[in-house]
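# need coordinates for the below:
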Amino acid sequence: MEGLSSVHNLQALSALLSPNNEDEEEDLQKVKPIANLGPGHIGSPAAPSGDKHKEGSTAYVKKNSKGIWDEDEVTEGAHFDDPTDPRPQPEYEIVLKQSVGTEDLFLGLSRKDPSSMCCDSMLVRVKLPDTKASDLVLDVRETFLDLRTPKYKLGLHLPHPVHKHEGNARFITEREELEITLPMNRPMDCINLT
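Now for the predicted structure:
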């Protein structure tokens with residue numbers, strides 16, 4: 001008796017999972033046309049049912065059909081990366097700096113706080129042992145710093161955009177260290193008023 005009921009249950013389950021084709025066709029005819037839309041139809045204008053012409057989305061138009069990437073999609077400094085170059089990367093550190101006066105320190109009048117959003121400039125310290133100042137080749141972009149010497153290579157993506165023409169660099173011979181000070185390119189807002 002138990003085996004008979006389990007067979008009956010399996011047959012009932014099978015009937016539920018595979019409906020008759022006639023019932024399925026009737027259900028599809030009752031479904032509204034809007035329900036037949038899929039994920040590809042999101043964002044495109046709905047064309048009338050008699051209109052055979054389908055308009056494509058104008059959200060993304062590729063300018064050059066033979067190009068793989070658009071110039072805006074490639075990160076700045078990517079062309080400096082050379083995996084075949086055996087030179088090691090030197091030690092470096094990035095320090096964010098603020099110009100703080102007495103009105104900031106004691107009175108808090110300028111709304112500056114210790115966060116990185118209030119920083120004015122970026123200091124990059126690079127340790128270059130056994131290197132002379134005349135051997136350095138430095139290229140600064142808005143978001144990338146490229147430093148090359150005969151012994152070292154540094155390609156550094158900067159954490160914040162900088163003014164590439166307004167920075168300065170100095171080589172400290174005693175410590176064999178290069179210090180690069182770059183003013184940060186901040187948008188004007190209520191915190192960065194200068």
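
# C-alpha from now on. contacts and neighbour counts both.
OK.

# and the next helix or strand past the lowest-mean-pLDDT helix or strand in the chain?
Ranked by mean pLDDT, DSSP states H and E, the weakest helix or strand in the chain is helix 21-30, scoring a mean of 59. For helix 21-30, the following helix or strand on the C-terminal side (DSSP states H and E) is strand 92-97.

# can you tell me which helix in this structure is longest?
The longest helix of the chain (DSSP state H) is helix 2-17.

# hmm, who's touching that one?
Under the contact criterion CA atoms under 8 Å, 6 or more residues apart in numbering, helix 2-17 has no outside partners.

# before we move on, what about stretch 166-185?
119-133, 160-164.

# what's the burial count for the residue nearest to residue 95 when sequence neighbours are not counted?
With CA to CA, 6 or more residues apart in numbering as the criterion, residue 95 has its nearest non-adjacent residue at 5.0 Å, and that residue is residue 123. Residue 123 has 18 neighbours, counted by other CA atoms under 10 Å.

# could you do the one 4 residues further on as well?
Burial measure for residue 127: 19 neighbouring residues, criterion other CA under 10 Å.

# the residue nearest to residue 95 is in contact with residue 92, isn't it?
No - contact criterion CA atoms under 8 Å: residue 123 and residue 92 do not qualify, at 10.3 Å.

# what are the phi and psi angles of residue 135?
Note on residue 135: backbone dihedrals following degrees, to the nearest 10 are phi -90, psi -10.

# ok, of the contacts of stretch 166-185, which come out buried?
With burial judged by 16 or more other CA atoms under 10 Å, the buried subset of those is 119-128, 131, 160-164.

# quick one: mean pLDDT for stretch 159-170?
Per-residue pLDDT over stretch 159-170 has a mean of 90.

# over to stretch 125-133?
On average, stretch 125-133 scores 92.

# now swap in stretch 144-152 and tell me
Computed over stretch 144-152, the mean pLDDT rounds to 92.

# for it, list the C-alpha coordinates in PDB.
This file holds the C-alpha atoms of stretch 144-152, laid out as PDB (Å, rounded to 0.1, in the frame of the first residue of the first chain):
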ATOM      1  CA  PHE A 144      50.600  59.100 -12.400                       C
ATOM      2  CA  LEU A 145      54.300  59.500 -11.400                       C
ATOM      3  CA  ASP A 146      57.000  57.900 -13.400                       C
ATOM      4  CA  LEU A 147      60.600  57.800 -12.000                       C
ATOM      5  CA  ARG A 148      63.500  56.100 -13.700                       C
ATOM      6  CA  THR A 149      67.100  55.700 -12.700                       C
ATOM      7  CA  PRO A 150      69.700  53.200 -14.000                       C
ATOM      8  CA  LYS A 151      69.000  50.900 -11.000                       C
ATOM      9  CA  TYR A 152      65.300  51.600 -10.200                       C
END
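
# mind listing residues that contact that stretch?
Outside stretch 144-152, the residues that reach it (CA under 8 Å, 6+ apart) are 76-77, 80, 87-90, 128, 131, 135-140, 153-158.
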